[in-house]
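Novice: the following comprises the amino acid sequence and a computationally predicted model.
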Amino acid sequence: MDLLRTIKERRSIRAFHPEKEIPTAELDQLLEAAIWAPSAGNVQPWKFYVISDQRLKEALVRAAYGQSFIAEAPVVLAVCVEINEASMSYGTRGATLYCIQDTAAAIQNILLLAHALGLGSCWVGAFEESEAASALGCPRGQRPIAIIPIGYPAEQASAPPRKALKHVVIRR
């Protein structure tokens with residue numbers, strides 16, 4: 001699959017075949033793709049939680065305002081950032097911006113490779129941060145950024161409309 005096609009065809013999937021396990025080798029590929037994302041100053045302040053425990057997935061559903069599809073996925077990745085690592089090189093800007101950009105790039109790599117591997121995924125950002133951190137057992141200074149349920153899709157999502165380039169591109 002070529003990259004632009006993968007980008008255009010990837011969709012947020014919220015229904016999964018729960019009985020279909022994801023091979024460890026494919027999960028490892030997703031995590032490998034994540035760590036090859038660009039990172040400001042190569043700090044790589046991310047941590048990735050791989051969750052298959054049903055009780056923990058259900059705790060994340062509660063943290064995510066009842067988004068039950070999270071618990072239906074065979075595996076959930078939680079992407080967190082180490083705020084102290086992020087701020088060591090870049091101070092406040094590292095802790096408030098660069099680490100978010102770093103993890104966003106890692107998350108996008110995960111989503112794109114998941115699609116290329118025939119998996120479905122969804123970037124969940126709507127959750128109560130302190131509740132998710134508590135459920136995950138995050139140490140002090142670690143902040144959850146995204147919850148990503150992953151599994152074999154049980155739905156076919158359609159393409160959402162996109163603004164035309166002429167409405168979003170400014171050439172100078």
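Specialist: Good, I have the coordinates. Residues are numbered from 1 along each chain as shown.
Novice: buried ones in stretch 18-38, by neighbour count?
Specialist: Residues of stretch 18-38 classed as buried: 22, 26-27, 29-31, 33-34, 37 (neighbour count, 16 or more other Cβ atoms under 10 Å). Backbone N, C-alpha and C define where each C-beta goes, glycine included.
Novice: ah, wrong one, I meant stretch 77-88
Specialist: Applying 16+ other Cβ under 10 Å to stretch 77-88 flags 77-83, 85-87 as buried.
Novice: can you check stretch 93-106 too?
Specialist: Buried-residue list, stretch 93-106, by 16+ other Cβ under 10 Å: 94-95, 98-99, 102-106.
Novice: re the thing from before, format the buried residues of stretch 18-38 as CSV; extra columns: secondary structure.
Specialist: CSV is the format used below for the buried residues of stretch 18-38 (DSSP: H, G, I helix; E, B strand; the rest coil):
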residue, secondary structure
22, coil
26, helix
27, helix
29, helix
30, helix
31, helix
33, helix
34, helix
37, coil
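Novice: now tabulate those residues in CSV and tack on distance to residue 114 and pLDDT.
Specialist: As requested, the buried residues of stretch 18-38 are arranged in CSV below (distance: Cβ to Cβ, whole Å; pLDDT from 0 to 100):
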residue, distance to residue 114, pLDDT
22, 9, 96
26, 9, 97
27, 10, 98
29, 9, 98
30, 6, 98
31, 11, 98
33, 9, 98
34, 11, 98
37, 14, 98
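Novice: any regions of the protein where pLDDT drops low?
Specialist: Scanning the chain for pLDDT under 70 picks out 1.
Novice: can you give me the strands for it?
Specialist: Per DSSP state E, the chain carries strands over the ranges 46-51, 75-82, 120-121, 142-151.
Novice: so what's the residue nearest to residue 71 when sequence neighbours are not counted up against?
Specialist: Spatially, and ignoring its direct neighbours in sequence, residue 71 is nearest to residue 57 (4.2 Å; Cβ to Cβ, 6 or more residues apart in numbering). By Cβ atoms under 8 Å, 6 or more residues apart in numbering, the contact set of residue 57 is 51, 70-71, 73, 76.
Novice: 10 Å - rerun?
Specialist: 51, 68, 70-76, 135, 147, 149 (Cβ atoms under 10 Å, 6 or more residues apart in numbering).
Novice: so of those residues, which two are at opposite extremes in space?
Specialist: The distance between the two most remote of the contacts of residue 57 (Cβ to Cβ) is 18.1 Å, for 74 and 135.
Novice: give me the more crowded residue out of those two.
Specialist: Counted by other Cβ atoms under 10 Å, residue 74 and residue 135 do not tie: residue 135 has more neighbours, with 23 against 19.
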